[in-house]
Structures are given as C-alpha cells and as structure tokens.
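Colleague: predicted structure and sequence below. I'll ask about it afterward.
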Amino acid sequence: MADSVRSKLLHGVAWNFTEKILVKAVSFVISIILARLLAPSDYGLTGMLAVFLSVSSVFIEGGLAKALIQRQDCQDIDYSTAFVTNVSMSLVIYAVLFFAAPLIADFYDEPLLVSLTRAMALTIVLGSFNIVQRAKLMANVDFKSLAQINVLSIIVTGAIGITMAYLGYGVWALVGQAIGSTLFLIFIFPFYSKWKPSLRFSKESFSRLFGFGSKLMITGVYSVIFNNIATICIGKAYKSQQLGYYTRASQFPDLISFTVNDVLGTVTFPVLSELQNDKDRLVAVYRKSLLATALVIFPVMVLCALLAYPLVLILLTEKWVPCVVLMQWLCLARIFTPLSALNMNILNAVGRSDLFMKLDFSKAPLTIIILAITIPISVEAIVIGSFVDSFLCFFINAYLPGRMFGYGAWQQLKDWKYIILSILLMSVAVYLFMLVVQNVWLQLFIGGTIGIVVYSACCYFFKVIDDDMLRLLRIKR
C-alpha cells in the first residue's frame, strides 16, 4: 500500500510538473509577445474584471469539484448532480454580470468595461461544462491526460491572442484568447474523459457534496476578494495604466509561485485525502511536500527579485520599467503562497473544511488594516504591505496544522534553516556582482548563473538534501 501511494504521488507529480512547465513556458512566451504588442492600459482593463470573474467562478463551482475529489465513494449520480449545478449556476451568474456591467464600468469610470464584462463573462458559462470532467481526472490522479489537454489549449489559444493583438485589436486580443480557451476545452475534454455529462440531479447527492463544498465556496469567495482587493483599489484609485503595471509586475512572481503551488497542491490533495486515516504517513507526506516546496520556491523567487530590472528591460522593453519595484516586492510576497497553501491544504484533505474556512476568515482584519494604511500612499506601498501580509499569514496558516499534527511554523522554519542561510549567501553574491557589472544582459545571465551555483553549492555544503530531505523520506510509514 505504501509503495502504491508513493508511486501514485511520484507519477502524479511527474506528469503535473511536466504539464505546468510546458504550459507556463508556452504561456510565458505568449505573454511576452502580447506585452510587446499591447499597452499597459489594456492589461489594466482586464485586470479590473479579474475579481468579478474569479468570484463568479468560485460561486459556480461551489466547492463541489473538491468535494468530488475528497470523497472516496463518489457515484455517477454525484458527478451528474455537480455538473447540473455548475451549469445552472453559470447561467445565473452570467445574467447578473450582464446587467451589472454598467455599474462595474461606472465604478472604475471606464465605459469600455460594459462590453468587456459581457464578453469576458461568457468564459464562466463555457468553463462550467468542464469542471466535473477535470475533477474526475484529478480524483483518478490522471495528470497525464490533464497535461495533454492544457498544453494543447495554451498553444491554440495563445495563437489566437497573438494574431488578434498583431492585427490591432488591443484589449480584445486578451478577451479573444480567454473565450477561445474555454471553447477549445469544451471540444477536447470528451476525448480524454471517460465520463459523459448527463442531466440527472439528486437532492441527496447535492446535500452530501454541498455539505463539504459550501465551506470551501465561502472560503474561496473570501480568498478571491481579498487576494484581488489590491487590484480593485489600484484600479479605482490609480486608474488603468497603474493597474497595468501592477498586473504585469505580478506576472513573473505569480508564474513561479502559482506553478509550484499548482503542481504540489493539485497532486498532494488527493494523495493526502487518501491518507487521511493514517496520521503518521499523512504527516510524512505533508512535511516532505513542504520541504521540497521551500527548497525550490525560496531561491527562485529571491533570484527573480534580484534580477527584476534586467529581466523587465530585456523581455518587456523600457515602457514596462515602472513595474520593476512592484515586481521585486511581489516576488518576496509570493514566496509564502505555496507554503501557506500546503498548510491549509491538509485541513481539507482530512475533511476539516470548517477549520479551513475559520482560519481563512481570521486573516481578514490583518489584510484590511494593511490596505487601509497603504492605499492612500502609493502603489509601491500597497505591494510592500502585501509582503508584510503574506509573511504574517504564513504563521497564521500554519497554526492549526501545528496544533493538529505537531508541525507548525517554527518546526517548519527549523527544517528550512540551511535553505534560508543558503539564500542569504546567494543574495550577497548576486548583489555584489550587479554592483560591479552594469550590462543588463550580463546581469541577467551571468548573475543568474552565479546565484544558482552559489545556492547549489551552499545546499551541498550544508547537506540540505542529505540531512533533511532524505530524513523525511525515511520517516516511518
């Protein structure tokens, strides 16, 4: 059984990692091309709609997808019930957004948002058709199929966005790319999923799934709002161009942080759920996942912050230079995103979505206070506040797992002490190099190489993997 779980975990991680790397790599190239063709204000306009679309998506899913993954005895009627619920909710939400579009445009004082909102909201309806099929593949840890689906999707829809941008459609290129993505997924999912949608609905099944999923839905809505509240404030107070800089600045840190989070979070949730009745093995996988995440996320995010200026200048051109400082602080803030997510993930895996919800809500006052202080100052102050908020929330997120499983924030930091020391030494080496060398190409490539070499050498010297990672791998199962 232990070998079976380990094999499933490693196979899932391998395929999920392959998919994320391919998708993110292609997406990264596409986004760079689009950033050169489009203006900061174009990204600002779509950024203004992000929170409304994200909240709507959470309402539509209602936490049912995770409920399907978490439950070990799902029947076909459960999948059908979730499908009918998702599609029905998407139609209701689309109607709400359609009629609310003028209000959204008035709020931001951007008339173009009326038509943009109504067009982008179509992605919600189209996307609802694939939620259950995706959840079923995830529950079966079939990340090979998901990898092929997502890679094909990003290539096709990326071509649509670039073509429209090149032809001068401006912000509508981003809209076309989003709609094209959902349409393509509707077409391709049936070729991979063995489950076909039906219109059967069971009140009993809905109650069972919603009992678990409702808490995740409430928490998800809350999380989306608070994760995007800075976007709302910047769009309202500083208009579309500043929001465009903020949106673009978040591209690199989000690309890295959320990729790591997606890979480990997507794979570990079904595996941890399977181990929910075996505490020793559950904690072993949990600790191993956190250490592996820290080993990757710390050096990559810090190095990205150090090399932000040459990275932006070379890839995005001078028109995007104002986003460098924003990007640096967001890199530091996003270090804690996948670590916090894993700490929260284990609560859902053992069926305690109620604790997940309460813990998430407990962070609201902190976020509100920090935003209230920083919003009137500047966009730079807002992203610095985001770093402070993210750092403090890491300790909050690790509190309950620490109480339940004996592995809280301080125990985690103790496991990571040599990783953190290696990062500090790497940072000094890269910073000194960049003081001496002014050429941005040399700063990016040689500076990046120096950072990787110094970090790797320090990890080897401190025996980070030998003493820490292998020790966790050998925890009694």
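Modeller: Nice, thanks for sending it over. The shown structure was predicted, so the numbers you read here are calculated from the model rather than taken from an experiment.

Colleague: what separation is there between residue 299 and residue 231?
Modeller: Taking Cβ to Cβ, to the nearest Å as the measure, residue 299 falls 28 Å from residue 231. For every residue, glycine as well, the C-beta is placed using N, CA and C.

Colleague: one more: residue 223?
Modeller: From residue 223 across to residue 231, the span is 14 Å (Cβ to Cβ).

Colleague: now residue 417
Modeller: 35 Å.

Colleague: between those two, who's got more neighbours?
Modeller: Just comparing residue 417 and residue 231: by other Cβ atoms under 10 Å the higher neighbour count belongs to residue 231, 21 against 12.

Colleague: I'd like the next helix or strand past the helix or strand residue 89 falls within.
Modeller: Following DSSP states H and E, one finds residue 89 within helix 76-108. Under the assignment DSSP H and E, the closest C-terminal helix or strand after helix 76-108 is helix 113-120.

Colleague: just the CA trace of the next helix or strand after that following helix, in CSV.
Modeller: Downstream of helix 113-120, the first helix or strand assigned by DSSP H and E is helix 122-127. Taking C-alpha atoms only, helix 122-127 is exported to CSV below (Å, rounded to 0.1, in the frame of the first residue of the first chain):
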residue,chain,number,x,y,z
LEU,A,122,-19.0,34.1,-21.4
THR,A,123,-15.9,32.3,-20.2
ILE,A,124,-17.8,31.5,-17.0
VAL,A,125,-20.6,29.7,-18.8
LEU,A,126,-18.3,27.9,-21.2
GLY,A,127,-15.9,26.9,-18.4
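
Colleague: wait, what's in contact with the nearest residue to residue 304 once chain neighbours are set aside?
Modeller: Sequence neighbours aside, residue 331 is the residue nearest to residue 304 in space, at 4.8 Å (criterion: Cβ to Cβ, 6 or more residues apart in numbering). By Cβ atoms under 8 Å, 6 or more residues apart in numbering, the contact list for residue 331 reads 252-253, 256, 301-302, 304-305, 308.

Colleague: so residue 43 makes contact with residue 249?
Modeller: No: in this structure residue 43 lies outside contact range of residue 249 using Cβ atoms under 8 Å: 10.3 Å.

Colleague: how many residues are close by residue 31?
Modeller: Other residues near residue 31 come to 20 when the count uses other Cβ under 10 Å.

Colleague: now for the protein, the helix or strand with the poorest mean pLDDT.
Modeller: When the helices and strands of the chain are scored by mean pLDDT, DSSP states H and E, helix 470-473 comes last with a mean of 48.

Colleague: skipping its backbone neighbours, what lies nearest residue 431 in space?
Modeller: Excluding its sequence neighbours, the residue lying closest to residue 431 (Cβ to Cβ, 6+ apart) is residue 306, at 6.6 Å.

Colleague: doesn't residue 147 make contact with residue 18?
Modeller: Yes: counting by Cβ under 8 Å, residue 18 touches residue 147, with 5.7 Å between them.

Colleague: the two: which has the busier surroundings?
Modeller: The residue with more neighbours, out of residue 18 and residue 147, is residue 147; 20 against 16, by other Cβ under 10 Å.

Colleague: quick one: secondary structure of the more buried one?
Modeller: Secondary structure, DSSP: H, G, I helix; E, B strand; the rest coil: residue 147 is helix.

Colleague: pretty sure it sits against residue 21.
Modeller: No: at 9.7 Å, residue 147 does not count as touching residue 21 under the criterion of Cβ under 8 Å.

Colleague: report the rounded mean pLDDT for the helix holding residue 89.
Modeller: Helix 76-108 shows a mean pLDDT of 87 in the predicted model.

Colleague: let's number from 774 now, not from 1
Modeller: Done: numbering now begins at 774, and the last item shifts to helix 849-881.

Colleague: show me what counts as buried in that helix.
Modeller: Neighbour counts over helix 849-881 (16 or more other Cβ atoms under 10 Å) mark 851-860, 862-863, 866-867, 870, 873-874, 877-878, 881 as buried.

Colleague: with stretch 998-1017 instead?
Modeller: Residues of stretch 998-1017 classed as buried by neighbour count (16+ other Cβ under 10 Å): 998-999, 1001-1008, 1011-1013, 1015-1017.

Colleague: list the contacts of it.
Modeller: Residues beyond stretch 998-1017 that count as contacts (Cβ under 8 Å, 6+ apart) turn out to be 812-818, 820-821, 823-824, 827-828, 880-881, 883, 1019-1020, 1136-1137, 1140, 1144, 1148, 1152, 1155-1156, 1159.

Colleague: quick one, grab the pLDDT at residue 1099.
Modeller: pLDDT, read off for residue 1099, is 93.

Colleague: who's in contact with it?
Modeller: Applying Cβ under 8 Å, 6+ apart to residue 1099 gives the contacts 1018-1019, 1022-1023, 1152-1153, 1156.

Colleague: rerun that using 10 Å as the cut-off
Modeller: By Cβ atoms under 10 Å, 6 or more residues apart in numbering, residue 1099 lies in contact with 1007, 1015, 1018-1023, 1026, 1081, 1152-1153, 1155-1157, 1159.

Colleague: buried ones among the residues you listed?
Modeller: Here, 16+ other Cβ under 10 Å leaves 1007, 1015, 1018-1023, 1026, 1081, 1152, 1155-1157, 1159 buried among the contacts of residue 1099.

Colleague: brilliant, that's me finished.
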